[in-house]
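Novice: Sequence plus predicted model, see below.
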Amino acid sequence: MIYNWICSLITCYSSPGCSLTDRIPLPELKDSDKLDKIMYMKESTKRIRLGPENLPSICFYTFLNAYQGLTAVDFTDDSSLLAGGFADSTVRVWSVTPKKLRKVKSAADLNMIDKESDDVLERIMDEKTASESKILYGHSGPVYGVSFSPDRNYLLSSSEDGTVRLWSLLTFTCLVGYKGHNYPVWDTQFSPFGYYFVSGGHDRVARLWATDHYQPLRIFAGHLADVTCTRFHPNSNYVATGSTDRTIRLWDVLNGNCVRIFTGHKGPIHSLAFSPNGKFLASGSTDGRVLLWDIGHGLMIGELKGHTDTIYSLKFSRDGEILASGSMDNTVRLWNSMKAFDEVETDDFTATTGHIHLPDNSQELLLGTYHSKSTPVTHLHFTRRNLLLAAGAYNSQ
């Protein structure tokens, strides 16, 4: 009975039609958030419908002469900003568009601005500080994770120094240093709604935070080794964590309970991605395989083989039709995720434990393999129009 209850609960919470707005407290939408939602809807109307006959274009961002050691990458949801974490303890932010990065004016200059003017948001920015990139100093160890807030006003970074830092992208200064992990923090990610974020580290636990709290709200304990990657469910009610103990755990944000444990990988897990509808999860590992999971039933439903090295990035297209995987083998592979999910019959879920029978159909599901010259793929991102962006540091060795 307990299993069936949890199963129906997660199925409901992963359904786009299920109301979740009052399950966990969320901050009220600001006017800027509402404008961004309108812009998102406009962009969505121009979205390319992807499929086996209509594959996405791929734009690759190669970090040349990254002697500092590129260790983490993230794009904003609107693809306007790019952040990189480096082994020299710095975080760098670039503008991907012609619009340059600017800081807010000094307090003295702000007092001279007409607060009632229509273009007050433009007037508060200091044109003298405009540049294509900014460097953020503060960490005292390699930066292993970076994540933009949905509203593009903040950036999170996690480091070997055991801290997670929150940076303002208006002043390009550190606002808060969150101390809770005692060892390196391998990954951090903002909630899809902002405000909340999650971190995972060498201390074998993941922590849930809120930007206005110094202490974690939840501690997700249960992994037997490092928590290497963290991802929020699209509805923000669940967090998935991947570990070097070769398992993936799904946690309930509201009460901190572990509601799913996925086993099947033969090596440490380094990448996770939820499908846009929230019903499926993809995971990548050092074993070179991408595994697909049905969240509601807690079962593995697909195995995608082809990569020859660790998979560091996974991303579903905006419509969920295609799954992109990026690996240390210098390739990006595109998979027909919709076909993989459609082939799963409800009759296959007769058992409550174990795995359903998996056909070895990787070649049927593989839509394309794209090689970089000598660049391991660190990060993947689909734009709102379904263009695929990839990033990594050129390896000259």
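Specialist: Right, received. Where do you want to start? Predicted model, so just to flag it, every value in this text is computed and none were measured.
Novice: so where is the stretch 151-300 of the chain shaky, pLDDT-wise?
Specialist: Flagging of the stretch 151-300 of the chain using pLDDT under 70 yields an empty set of residue ranges.
Novice: the strands in the stretch 251-397 of the chain, which residues?
Specialist: Counting by DSSP state E, counting those that start in this stretch, the stretch 251-397 of the chain forms strands over residues 258-263, 269-274, 280-285, 289-294, 299-305, 311-316, 322-327, 331-336, 366-371, 379-382, 388-393, given from the N-terminal end onward.
Novice: The stretch 1-150 of the chain too?
Specialist: Counting by DSSP E, counting those that start in this stretch, the segments of the stretch 1-150 of the chain that form strands are 58-63, 70-75, 81-86, 91-95, 101-104, 125-131, 133-136, 143-148.
Novice: list the buried ones in the longest one?
Specialist: Going back to what we said before, that points to strand 125-131. By neighbour count on 16 or more other CB atoms under 10 Å, the buried set for strand 125-131 is empty. Bear in mind the C-beta positions are built from the backbone N, C-alpha and C, glycine included.
Novice: helices or strands up against that strand?
Specialist: Counting contacts by 3 or more CB pairs under 8 Å, 6 or more residues apart in numbering; DSSP states H and E, strand 125-131 is packed against strand 101-104.
Novice: Each with direction, which strands does the strand it packs on pair with?
Specialist: For strand 101-104, the paired strands and their directions (DSSP bridges) read strand 125-131 (antiparallel).
Novice: Run through who's touching the strand it pairs with.
Specialist: 100-106, 109 (CB atoms under 8 Å, 6 or more residues apart in numbering).
Novice: Let's see that with 10 Å instead.
Specialist: Judged by CB atoms under 10 Å, 6 or more residues apart in numbering, the contacts made with strand 125-131 from elsewhere in the structure are 94-95, 99-106, 109-110, 170-172.
Novice: Only alpha carbons, please: show that strand as PDB.
Specialist: Provided in PDB are the C-alpha atoms of strand 125-131 (Å, rounded to 0.1, in the frame of the first residue of the first chain):
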ATOM      1  CA  MET A 125      23.500  50.700 -14.900                       C
ATOM      2  CA  ASP A 126      26.900  52.200 -15.200                       C
ATOM      3  CA  GLU A 127      28.000  52.300 -18.800                       C
ATOM      4  CA  LYS A 128      31.600  52.900 -17.800                       C
ATOM      5  CA  THR A 129      31.800  49.300 -16.400                       C
ATOM      6  CA  ALA A 130      30.500  47.700 -19.600                       C
ATOM      7  CA  SER A 131      32.600  44.700 -20.700                       C
END
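Novice: Now do it: distance to the chain's middle.
Specialist: If you compare the mean C-alpha spot of strand 125-131 with that of the full chain, they lie 30 Å apart, counting by CA atoms, centre = their mean, to the nearest Å.
Novice: Let me see the mean pLDDT of that strand.
Specialist: Averaged across strand 125-131, the pLDDT comes to 78.
Novice: and the gap between Lys34 and Met41?
Specialist: Counting by CB to CB, to the nearest Å, the separation of Lys34 from Met41 is 11 Å.
Novice: meant to ask about Arg123
Specialist: 28 Å.
Novice: When the two are compared, which one has more neighbours?
Specialist: In this comparison of Arg123 against Met41, neighbours counted by other CB atoms under 10 Å, the higher total goes to Arg123 at 16 against 10.
Novice: so that one makes contact with Lys105?
Specialist: Yes - contact status for Arg123 versus Lys105: in contact at 8.2 Å, counting by CB atoms under 10 Å.
Novice: Centre of the chain to the helix or strand encompassing Leu156, how far?
Specialist: With elements taken from DSSP states H and E, the one containing Leu156 is strand 154-159. Strand 154-159 sits 13 Å away from the centroid of its parent chain (CA atoms, centre = their mean).
Novice: what about the helices in this protein?
Specialist: Ranges of helices within the chain are 2-13, 31-45, 107-110, 120-123, 337-342, 362-365, based on DSSP state H.
Novice: what sits up against the longest one?
Specialist: Surrounding helix 31-45, the residues in contact under the criterion CB under 10 Å, 6+ apart are 27, 29-30, 77-79, 121, 150-153, 193-194, 318-319, 383-386.
Novice: do that again at 7 Å, thanks
Specialist: When contacts are taken as CB atoms under 7 Å, 6 or more residues apart in numbering, the neighbours of helix 31-45 outside the stretch itself are 151, 384-385.
Novice: For PyMOL, write the selection for the buried entries among the residues you listed.
Specialist: Those of these that count as buried under 16+ other CB under 10 Å are selected in PyMOL with:
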select buried, resi 151+384
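Novice: and which of the contacts of helix 31-45 is nearest to Ser372?
Specialist: Among the contacts of helix 31-45, Arg385 lies closest to Ser372 (CB to CB), at 22.6 Å.
Novice: Any chance of the contacts of helix 31-45 in JSON lines with distance to Lys134 as columns?
Specialist: Output for the contacts of helix 31-45, formatted as JSON lines (distance: CB to CB, whole Å):
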{"residue": "Asp151", "distance to Lys134": "18"}
{"residue": "Arg384", "distance to Lys134": "24"}
{"residue": "Arg385", "distance to Lys134": "26"}
